[in-house]
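> structure of the sequence below:
(one chain, ligands or ions: 1)
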Amino acid sequence: MCSCYGARALLTSIFHSKRLDPPSRAKLLGDVLQRARRHAEAGTCPVIVFDLDGTLIDNRPRVVAILHELGDFWRDKHPEAAARCRAATVGDIGYGVVDNLRRLGVEHSWLHDEGLSFWKQRFFTDEYQEHDVEVPGAVKFARACHETGALLVYLTGRDLPGMAIGTFKSLRDLGFPIGTMGVKLVTKPAFEIPDTQFKRDVAGELGRFGEVLAVFDNEPANCNLLLDAYPECTSVFVDTQHAPDPPNLYPSVHVIDTFEM
Ligand SMILES: [Mg+2]
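This next block holds a predicted model:
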């Protein structure tokens, strides 16, 4: 386990000013729990949908571990870039490998290509998920949701062939509800499918399990499309890191940066 457990995203976010303050965040999350409890008691199965990477899971330690390995790999061939990679910490990590390399001071484009390919071969695998940690408060909140009697759906852009086994293990080891009643892990059938297209394709099916009460995602596009599918649900954007050039969030989407209550 990385020593940077629980470290926060240090990069500035364009959504920063929309983030709820801690008391408002606690109230929002508390309301979700209360509504879930009420629905479960009434026998209408409440469904709460969570994305994983950047939402419940902080995968920056996974990126750091790969950069440290890249540093070892480059030690003889590119000693200066190697030293920069070996010095990487979670505070240097944002969205996009090439941007991360630039932030570390690795400037040459041929090194970016090599670094990207090195990262790709490792990041989207079962094995490297052992480096992942929770977004602060995520385990406790997910467990509280599960205890209400709600169905938890982990709806992730990770793919079934390459990452599902590691995801199951990682969720178990971090303490998230998994492998028990009231939890589903939904992965992409193939790596090549774009995440947002996948979520758009399956969004309609989330409602077949019960009433979708709340959705949590770190991509603005996904928060919007899930709200389109379930206009009555509470859509929550988790402001950690997201793909470049995001759309505007719908005004009714709430913004949080942790799950601490
Ligand atoms: Mg995500």
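> how many neighbours does residue 220 have?
21 (other C-beta atoms under 10 Å). Bear in mind the C-beta positions are built from the backbone N, C-alpha and C, glycine included.
> ok, residue 76 next?
Residues near residue 76, counting by other C-beta under 10 Å, number 8.
> so it belongs to a strand, correct?
No: Residue 76 is assigned coil when assessed by DSSP: H, G, I helix; E, B strand; the rest coil, not a strand.
> can you give me the strands in the chain?
46-50, 57-58, 133-134, 151-159, 183-188, 211-217, 234-238, 254-256 (DSSP state E).
> any chance you could map the helices in the stretch 101-250 of the chain?
For the stretch 101-250 of the chain, the helices defined by DSSP state H, counting those that start in this stretch cover 109-123, 138-147, 160-174, 195-203, 220-229.
> in CSV: the strands of the chain, plus mean pLDDT and distance to the ion.
Putting these into CSV (pLDDT from 0 to 100; distance: least, C-beta to the ion, whole Å) gives the following:
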stretch, mean pLDDT, distance to the ion
strand 46-50, 98, 10
strand 57-58, 98, 8
strand 133-134, 98, 14
strand 151-159, 98, 6
strand 183-188, 98, 12
strand 211-217, 98, 6
strand 234-238, 98, 8
strand 254-256, 98, 14
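> and these as JSON lines, adding mean neighbour count and distance to residue 95?
Shown next, in JSON lines, are the strands of the chain (neighbours: other C-beta atoms under 10 Å; distance: least, C-beta to C-beta, whole Å):
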{"stretch": "strand 46-50", "mean neighbour count": "25", "distance to residue 95": "19"}
{"stretch": "strand 57-58", "mean neighbour count": "27", "distance to residue 95": "13"}
{"stretch": "strand 133-134", "mean neighbour count": "22", "distance to residue 95": "17"}
{"stretch": "strand 151-159", "mean neighbour count": "23", "distance to residue 95": "13"}
{"stretch": "strand 183-188", "mean neighbour count": "19", "distance to residue 95": "19"}
{"stretch": "strand 211-217", "mean neighbour count": "26", "distance to residue 95": "14"}
{"stretch": "strand 234-238", "mean neighbour count": "24", "distance to residue 95": "13"}
{"stretch": "strand 254-256", "mean neighbour count": "21", "distance to residue 95": "17"}
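> among these, which comes closest to residue 121?
Residue 121 lies closest to strand 151-159 among those, at 14.5 Å (C-beta to C-beta).
> helices or strands next to that closest one in the packing?
strand 46-50, helix 138-147, helix 160-174, strand 183-188, helix 195-203 (3 or more C-beta pairs under 8 Å, 6 or more residues apart in numbering; DSSP states H and E).
> need the helices of the stretch 101-250 of the chain in JSON lines with distance to residue 82 and mean pLDDT, can you?
Converted to JSON lines, the helices of the stretch 101-250 of the chain look like this (distance: least, C-beta to C-beta, whole Å; pLDDT from 0 to 100):
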{"stretch": "helix 109-123", "distance to residue 82": "10", "mean pLDDT": "96"}
{"stretch": "helix 138-147", "distance to residue 82": "34", "mean pLDDT": "98"}
{"stretch": "helix 160-174", "distance to residue 82": "27", "mean pLDDT": "98"}
{"stretch": "helix 195-203", "distance to residue 82": "32", "mean pLDDT": "97"}
{"stretch": "helix 220-229", "distance to residue 82": "36", "mean pLDDT": "98"}
